[in-house]
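Participant: A predicted structure for the sequence below; I have some questions about it.
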Amino acid sequence: MSDCMDRFASSPGAALLHTLQRHRDILQDYLQEFNKTKANVEQIRAREELFGPMKPFASSRRIDPFLKENEHLRSSERLIEDQIGIAVMTKENLSAQRSSLRNVVSRLEQMSGRFPAVNNMIQKINFRKRRDAIIMGCVIGVCIFILMVIIVR
């Protein structure tokens with residue numbers, strides 16, 4: 001390969017000489033990289049030959065269940081941390097909703113004080129909510145009573 005490069009170097013032409021020099025530089029870079037990689041591979045092979053034939057100790061059999069249990073504990077811990085993160089985000093969202101609902105309630109109270117018609121309407125809504133809650137409680141109580149009678153018979 002060097003002979004071919006020398007042959008081209010003997011012919012005139014600045015562009016050709018520049019190209020030839022550039023190719024020599026690239027070749028040198030590749031050779032250096034190849035030698036480094038080759039040395040690394042040889043080191044790895046030597047290390048494997050040195051440590052490869054070792055048999056696992058008998059105590060490693062005793063350690064394996066502990067390693068598995070340790071991994072299970074770590075995965076459980078990660079899951080718990082994820083759940084705690086979700087709970088914290090939920091708490092923050094509920095706190096934000098609570099504050100916005102408090103603002104809405106305070107505005108409604110201000111409006112009910114200013115406008116008696118709005119106050120009257122809010123009282124009717126509250127009365128209907130209480131009435132609906134009482135009716136639902138009675139219906140649920142009757143259903144439970146009927147279920148108890150059916151179960152006893």
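Facilitator: Right, received. Where do you want to start? Residues are numbered from 1 along each chain as shown.
Participant: So for the top helix by length along the chain, mean pLDDT?
Facilitator: The longest helix of the chain (DSSP state H) is helix 59-114. The average pLDDT for helix 59-114 rounds to 88.
Participant: for it, packing partners?
Facilitator: Applying 3 or more CB pairs under 8 Å, 6 or more residues apart in numbering; DSSP states H and E, we find helix 59-114 packed against helix 116-152. Placement of C-beta: from N, CA and C, glycine included.
Participant: re earlier: how far away from the center of its chain is the longest helix of the chain?
Facilitator: 15 Å (CA atoms, centre = their mean, to the nearest Å).
Participant: Between helix 116-152 and it, find me the angle.
Facilitator: On the basis of axes from the mean of the first three to the mean of the last three CA atoms, to 10 degrees, helix 59-114 is oriented at 140 degrees to helix 116-152.
Participant: State the mean pLDDT of the host helix or strand of residue 33.
Facilitator: In this assignment (DSSP states H and E), residue 33 forms part of helix 14-51. For helix 14-51, mean pLDDT is 88.
Participant: Which parts of that helix count as buried, going by neighbours?
Facilitator: By neighbour count on 16 or more other CB atoms under 10 Å, the buried set for helix 14-51 is residue 20.
Participant: show me the contacts for the residue nearest the centre of the chain.
Facilitator: In the chain, the centroid-proximal residue (CA atoms, centre = their mean) is residue 82; its distance is 8.6 Å. By CB atoms under 8 Å, 6 or more residues apart in numbering, no residues touch residue 82.
Participant: distance of residue 130 from residue 80?
Facilitator: In this view, residue 130 and residue 80 are 42 Å apart by CB to CB, to the nearest Å.
Participant: Just give the number of residues close to the residue lying closest to residue 111 once chain neighbours are set aside.
Facilitator: Among residues not flanking residue 111 along the chain, residue 118 sits closest, at 5.2 Å (CB to CB, 6 or more residues apart in numbering). Other residues near residue 118 number 14, with proximity taken as other CB atoms under 10 Å.
Participant: likewise the one 3 residues further on?
Facilitator: Burial of residue 121, expressed as a neighbour count using other CB under 10 Å, amounts to 12.
Participant: Much appreciated, bye for now.
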